[in-house]
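In: When you get a sec, could you give me coordinates for this:
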Amino acid sequence: MSRNEIPGILLVSRKEKKRSNRLPKNLPRLALALIFLREASGWSATELGHALDVSPNLISDYEGGRKKLSRERLEKIVATMGLHREAIDEALAFLDKLTAKSQSQVYPLEPGEAAGELRRIETVVQAAASATAEVVRPVLLQLSVELRAVVDRQEAKVTWERLKRRQPAERRTLIRKSNEYRTWALCELACAESVKVAPHSADQAVEYAELAIEIARLTPGEDLFRRRLQGYAEAHLGNARRVHGNLREADEIFARARSLWQAGGPGDPGLLNEALVLGLEGSLRIDQHRPAEALKLLDQSLAVDRGDLTKHLLINRGGALEQLGDYDGAIGALRQAVPLIDGQHEPRLLLAVQFNLLSNLCHCRRFEEAQALLPELRAQAERLGQELDLVRTLWLEGWVAAGLGRKAEAVGALEQVSQELIRLRIPSDAALATLELAVLYLEEGRTEEVRSLALALAWIFDAEGIHREAIAALRLFFQAAQKETATVELAQKLVEYLYRAQHDPELRFEVA
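Out: Okay, here's the model as predicted:
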């Protein structure tokens, strides 16, 4: 590797994030020095370009390595920012020292090492203009943390691959015997792997999270940071238990995680993602049908989000608002999330969000808006080619057709949906779709066919997946249908009730 390049490090302002994907992987040292001296001094690329009477794009090209930056040119730029040229040498020496620490495994630094870092930072600060010193100091402190984190995370990826190849029992032995496997970055990566595998294997998600807890418990260094790390790992175990369906146990684990996380807060320089910890607990509250608590956690998470979780937080926020019956609010959150989803790499996530968006539009009787989005949903479902996706898409098409007054089209769609969901033995969806069809039949006076629909649903009373209050409500409809006394009003109320009961298992059906 050339001495003039620093691997794996990209520092860009928020305004320039969109350009960052075009930057080279390895930045020239002078370009990197310009980036953090400009950021530390509080200059934007646009402001600096105007001060130098050049295009701001030229500054971005210097920093991105697309145009060669000479030492002489950098000195002129630094002088324009009000800094001494010695700041360049100090900054480069500082960066070189941090980059060379590739053997570093643990944060926080040892006391003597920390003192050395602080002295170097103070030297750079003193070389800067006094007017910008208060800005420079915290930026360089954070830069030190971020550069060390880059190295630690790169090493953790290699270590994790070795660890993953071992049997579960061997993994724990390695962690207990070798410092190589007791690092904050490896704990963080094990947590990330737990989240990654959770949709496919709840058992493996639990295993990886428990491994992360073991790593956190044995990680050397400051006690406060170790507590913070343990809280982070415990939150991921709570999430894995949630996915496993053990909500009570997950609740207990999150209480423990929260205590450790908060106690260790002063020891964390910002390495661990607080938005993720809050967001995971928010997911549990949604599964527990506690939407008000979920919203509070999700809003806190969005406030500290670094940007990589935004779409997931917005999707969950939409789910919490839907549970509260705030369908307009859910629509707003989901519409914010859609542009953030990469349909090429996350096709199922995009389909799920599109489906939820359309469903909420129908709840609000905004059928014209829903109609406009249906072709895109249909195309996405057909691309994925999953039977249940196609059935549920047809369901929405029938719902929209009914809302727009196209009764014959709606009946045809819902008849097919009802038959398919009964065949697939999905009790809650089958009950809803069949009742929606019953509403249309009753509007046309087709009571005998409603009686047949009710008989087709008889199996639901012995099925799992519908709570007792919903079963009691369905029995009322079943009895009325058998006597051919069921009314449009009863069927409509049952449909509305069943949608609400999905989010509140204790909700009772009240008959006027």
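In: where exactly do the strands run in this protein?
Out: Remark: strands of the chain, listed N- to C-terminal, are 5-6, 27-28; assignment by DSSP state E.
In: Of those, which shows the lowest average pLDDT?
Out: For the strands of the chain, the weakest mean pLDDT is recorded on strand 5-6, namely a mean of 30.
In: what pLDDT does Trp395 get?
Out: pLDDT, the model's per-residue confidence, is 97 for Trp395.
In: Same question for Ser144.
Out: With respect to pLDDT, Ser144 has a value of 62.
In: Please apply the same query to the one 5 residues further on.
Out: We note a pLDDT of 78 for Ala149 in this prediction.
In: Next: Gln479.
Out: As predicted, Gln479 sits at a pLDDT of 92.
In: can you tell me how far it sits from Glu469?
Out: Relative to Glu469, Gln479 is positioned 16 Å away (Cβ to Cβ, to the nearest Å). Bear in mind the C-beta positions are built from the backbone N, C-alpha and C, glycine included.
In: higher neighbour count, these two?
Out: Set side by side, Gln479 and Glu469 show unequal neighbour counts under other Cβ atoms under 10 Å, the larger going to Glu469 at 16 against 12.
In: The nearest residue to that one once chain neighbours are set aside and Tyr497: what is the separation?
Out: Nearest in space to Glu469, with sequence neighbours left out and distances taken as Cβ to Cβ, 6 or more residues apart in numbering, is Arg508 at 5.2 Å. Arg508 sits 9 Å away from Tyr497 when distances are taken as Cβ to Cβ.
In: Neighbour count for the two, which is higher?
Out: In this comparison of Arg508 against Tyr497, neighbours counted by other Cβ under 10 Å, the higher total goes to Tyr497 at 19 against 13.
In: show me the contacts for that one.
Out: Contacts of Tyr497 were listed using Cβ atoms under 8 Å, 6 or more residues apart in numbering, and they are 470, 473, 507, 509.
In: How about the backbone phi and psi for the last one?
Out: For Phe509, the backbone dihedrals (degrees, to the nearest 10) come out as phi -90, psi 120.
In: so how many other residues sit close to it?
Out: When neighbours are defined as other Cβ under 10 Å, Phe509 has 19 of them.
In: Return the distance of it relative to Val439.
Out: Between Phe509 and Val439 the computed distance is 16 Å (Cβ to Cβ).
In: you'd agree Phe254 is up against Leu237?
Out: No. Here Phe254 lies out of contact with Leu237, judged by Cβ atoms under 8 Å, at a distance of 9.1 Å.
In: so which two of the contacts of Tyr497 are the farthest from each other?
Out: For the contacts of Tyr497, with distances taken as Cβ to Cβ, the pair at the greatest spread is Ala473 and Leu507 (9.4 Å).
In: Give me the more crowded residue out of the two.
Out: Neighbours per residue, other Cβ under 10 Å: of Ala473 and Leu507, the larger number sits with Ala473, 24 against 17.
In: ok, for the more buried one, nearest residue in space, not its chain neighbours?
Out: For Ala473, the nearest residue in space outside its immediate sequence neighbours is Phe509; the separation is 3.5 Å by Cβ to Cβ, 6+ apart.
In: what do you get for Thr393?
Out: Of all residues not flanking Thr393 in the chain, Ala381 sits nearest, at 4.5 Å (Cβ to Cβ, 6+ apart).
In: number of nearby residues for the one you found?
Out: As a burial measure, Ala381 scores 22 neighbours (other Cβ under 10 Å).
In: need the contact list for it.
Out: Neighbour list for Ala381: 351, 389-390, 392-393 [criterion: Cβ under 8 Å, 6+ apart].
In: can you check Asp504 too?
Out: Per Cβ under 8 Å, 6+ apart, neighbours of Asp504: 289, 323.
In: Same question for Ile471.
Out: Applying Cβ under 8 Å, 6+ apart, we find Ile471 in contact with 460-461.
In: Kindly report the same for Thr485.
Out: Thr485 is in contact with no residue at all, counting by Cβ under 8 Å, 6+ apart.
In: so what's it scoring on pLDDT?
Out: What the model reports for Thr485 is a pLDDT of 92.
In: Over to Ala512?
Out: pLDDT for Ala512: 60.
In: circling back: the residue nearest to Glu469 and Phe367: what is the separation?
Out: The separation that Arg508 has from Phe367, given Cβ to Cβ, amounts to 30 Å.
In: Output the below-cut-off pLDDT ranges for this protein.
Out: Low-confidence segments of the chain, defined by pLDDT under 70, span residues 1-27, 40, 94-95, 97-147, 512.
In: Could you list the domains of it?
Out: Dividing the chain into domains by automatic domain parsing, as the record does, gives the ranges 5-150, 166-271, 273-340.
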